[in-house]
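Chemist: Dropping a prediction and its sequence here:
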Amino acid sequence: MNRIAFTLNGQPREVVDASPNLTLLQWLRGPAGLPGTKEGCAEGDCGACTVVLVEPEALGGPAYRAVNACLVLLPMVHGRAVYTVEGLADGDRPHPAQAALIEQLGSQCGYCTPGVVMSMFEACYRTDLDEDWKLDDQMCGNLCRCTGYRPIRDAARQVAGTRPADAFSAALAEARPEPRALSYEGAGGRFFMPEDWAGLWAARAAAPDAVLVNGGTDVCLRITKGFEVLPALISLEALAPLRALEAHPDGSLFIGAGVHLSDLEAFARDHSPAVERMLRFFGARQIKNRGTVGGNLCNASPIGDLAPIFLALGAVAHARGPGGARTIPLDAFFTAYRQTALAPDEILEAVSVPAPPAGDVRVVAYKVSKRQELDISAVSAGLWVRLEDGVVAEARFAFGGMAATPARAARAEALALGKPWTEATARAAAAGLDLDFAPLDDHRGSAWYRGTVAKNLLVGFFLETEGGSGAPRLPYRPTGTVQVVAS
Ligand SMILES: Cc1cc2nc3c(=O)[nH]c(=O)nc-3n(C[C@H](O)[C@H](O)[C@H](O)COP(=O)(O)OP(=O)(O)OC[C@H]3O[C@@H](n4cnc5c(N)ncnc54)[C@H](O)[C@@H]3O)c2cc1C
Ligand code: FES
Ligand code: FES
């Protein structure tokens, strides 16, 4: 099919001649004539461009998901339903999210307002806003320069989880996955979206140099910030096997590479508190609604936040190519700066986490950044020990931001093995980090700072899990933005 077909505010739309490098935001504000959606940063940081996609296969059932239109390429919405701020009012009657913002005086210059409304729109129909931090997290990707956040907070609180019995609730109840296979060519560019393995291998054969993309939260920056032209792209987001998300009776997990981070966060709440803890301090809701597990690992950034905790959990990467599938221990997956062990014709299909062994296992994830929320890690860590009679029988200490790749600390682990798990052991192991790493030295942190933080995290891990608290949950903290209405 050589046309991009989707619904926009409930109306069918088709596009035949757009460049696959055109963002949804550019198309909305340009050819579609809908300038309500604003552009601020064009890199996923400000939320001015927030629109909503229907996600028919979200964990827990069809859901509205707020996303940054500046990080969505137009062909990515093929087969999807898109809503913008222009599509919410019912004639002259504003949507409850809009009405609440008016009532609470939550808009001054109005530049951020459409994006704020769209994040509130997602909040309106969410069924899982049962804790304060979740609505805080929902709204934190929308910056406002002039109103001040209190009226916005009050408006969001007013509508969150209310799920009005309106056309949007009805549309959600009826949402079904639509066919999404696409082989598109326009304005000199190509975009493939296969729905099965045969289609993927055919696309790769047809365009061997095509850039793979899933959520696009990393790849799109090459276009919007790097001003690159990517002549061919292969989207993985319609491949059903990549969306697998399974918790097995023995406690092992199987997580498809295409699972969105917001779904993983909700899933991890029941199955891996350490993964949930890391995702709490990942990017904003809009980023987690598009970003995927596979994109984070395959980006192979030394400061990608999922790698350390998955390394600590002993995860295994599942690769697949035209010749078949194979597994790669995650500690052999990152081979050099932004390089992985995937062969050129392979993709990452999933990552699996083995069943936790019986006995005294302790695990935690840490992210240290200049700002607590919405910032890039200076240092991150995934730390795991198994104790037998109080003695360290197994240890996996993994760090991000300490080397060219996320990596385990072999010397530190060796210094802990066979020793009683005490503060003295943790401190001795921490000293070994000096032999494991020659940390990065850049604007996010000097080598001294990173080395010191990493050691403190290892000692902090001992202290935080002392007494067998296993996998501690995040302590309660007063939320900066909103309180949740239980619904
Ligand atoms: C504003 C903002 C905030 C962010 N905050 C954080 C943060 O706090 N922590 C963090 O770690 N990251 C953060 N990121 C980075 C990014 O969101 C994550 O890395 C995300 O998980 C990427 O997933 P994606 O599906 O969007 O990747 P994409 O952009 O689709 O792909 C990323 C890379 O992986 C490759 N790829 C994707 N899937 C596969 C696959 N299955 N097999 C093989 N290759 C594949 C692509 O070719 C590309 O090279 C942020 C990004 C933005 C824009
Ligand atoms: S324009 Fe700022 S997040 Fe898209
Ligand atoms: S109302 Fe002006 S930026 Fe928010």
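Modeler: Done, it's in. Being a predicted model, the structure only gives us computed values, none of them experimental. Numbering: from 1, shown residues only. Ligands and ions are numbered 1, 2, ... in the order given.
Chemist: Alongside ligand 3, which residues does the protein contribute?
Modeler: Ser107, Gln108, Cys109, Gly110, Tyr111, Cys112, Thr113, Cys144, Arg145, Cys146, Thr147 (Cβ under 6 Å from any ligand atom). Every residue, glycine included, has its C-beta placed from N, CA and C.
Chemist: what's the helix or strand for Tyr64?
Modeler: Assessed by DSSP states H and E, Tyr64 sits inside strand 63-68.
Chemist: again with Arg153
Modeler: Using DSSP H and E, Arg153 sits in helix 149-159.
Chemist: and the helix or strand following that helix, what's its mean pLDDT?
Modeler: Following helix 149-159 in sequence order, the next helix or strand is helix 167-174 (DSSP H and E). Mean pLDDT, computed over helix 167-174, is 96.
Chemist: for helix 167-174, packing partners?
Modeler: strand 63-68, helix 113-125 (3 or more Cβ pairs under 8 Å, 6 or more residues apart in numbering; DSSP states H and E).
Chemist: one more time with 7 Å, if that's ok
Modeler: helix 113-125 (3 or more Cβ pairs under 7 Å, 6 or more residues apart in numbering; DSSP states H and E).
Chemist: gap between the helix it packs on and the chain center?
Modeler: Between the centre of helix 113-125 and the centre of its chain there are 19 Å (Cα atoms, centre = their mean, to the nearest Å).
Chemist: any residues touching that helix, and which ones?
Modeler: Residues from elsewhere that reach helix 113-125, judged by Cβ atoms under 7 Å, 6 or more residues apart in numbering: 36-38, 47-52, 64-66, 85, 88, 95-98, 101, 107, 129, 135, 138-139, 141-142, 144, 152, 155-156, 159-160, 162-163, 168-169, 172, 285.
Chemist: I'd guessed Leu374 sits against Gly283; true?
Modeler: Yes: the pair Leu374 and Gly283 passes the contact test of Cβ atoms under 7 Å, sitting 6.2 Å apart.
Chemist: The stretch 301-450 of the chain: helices as residue ranges?
Modeler: Assignment of helices within the stretch 301-450 of the chain using DSSP state H, counting those that start in this stretch yields the ranges 306-312, 410-416, 423-436, 447-465.
Chemist: right, and those helices - which one's nearest ligand 2?
Modeler: helix 306-312 (21.6 Å; Cβ to the nearest ligand atom).
Chemist: Just the CA coordinates for that closest one, please, in CSV.
Modeler: The C-alpha atoms that make up helix 306-312 are tabulated as CSV, following Å, rounded to 0.1, in the frame of the first residue of the first chain:
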residue,chain,number,x,y,z
LEU,A,306,17.3,0.0,31.4
ALA,A,307,20.7,-1.7,30.7
PRO,A,308,22.1,-1.6,34.2
ILE,A,309,19.1,-3.1,35.9
PHE,A,310,18.6,-5.8,33.2
LEU,A,311,22.4,-6.6,33.5
ALA,A,312,22.0,-7.0,37.2
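Chemist: on contacts alone, who are the packing partners of that helix?
Modeler: Applying 3+ Cβ pairs under 7 Å, 6+ apart, one finds that helix 306-312 contacts helix 273-280, helix 293-298, strand 360-368, strand 379-388, strand 391-400.
Chemist: which other helices and strands contact the shortest one?
Modeler: What it means is helix 293-298. Using 3+ Cβ pairs under 7 Å, 6+ apart, helix 293-298 sits against helix 306-312, strand 347-353.
Chemist: out of the ones you listed, nearest to Pro241?
Modeler: Nearest to Pro241 among those is strand 347-353 (6.2 Å), distances taken as Cβ to Cβ.
Chemist: highest average neighbour count across the helices of the stretch 301-450 of the chain?
Modeler: helix 306-312 (a mean of 29; mean count of other Cβ atoms under 10 Å).
Chemist: ok, back up a step: and the contacts of helix 113-125, which of them are buried?
Modeler: 36-38, 47-52, 64-66, 85, 88, 95-98, 101, 107, 129, 135, 138-139, 141-142, 144, 152, 155-156, 159-160, 162, 168, 172, 285 (16 or more other Cβ atoms under 10 Å).
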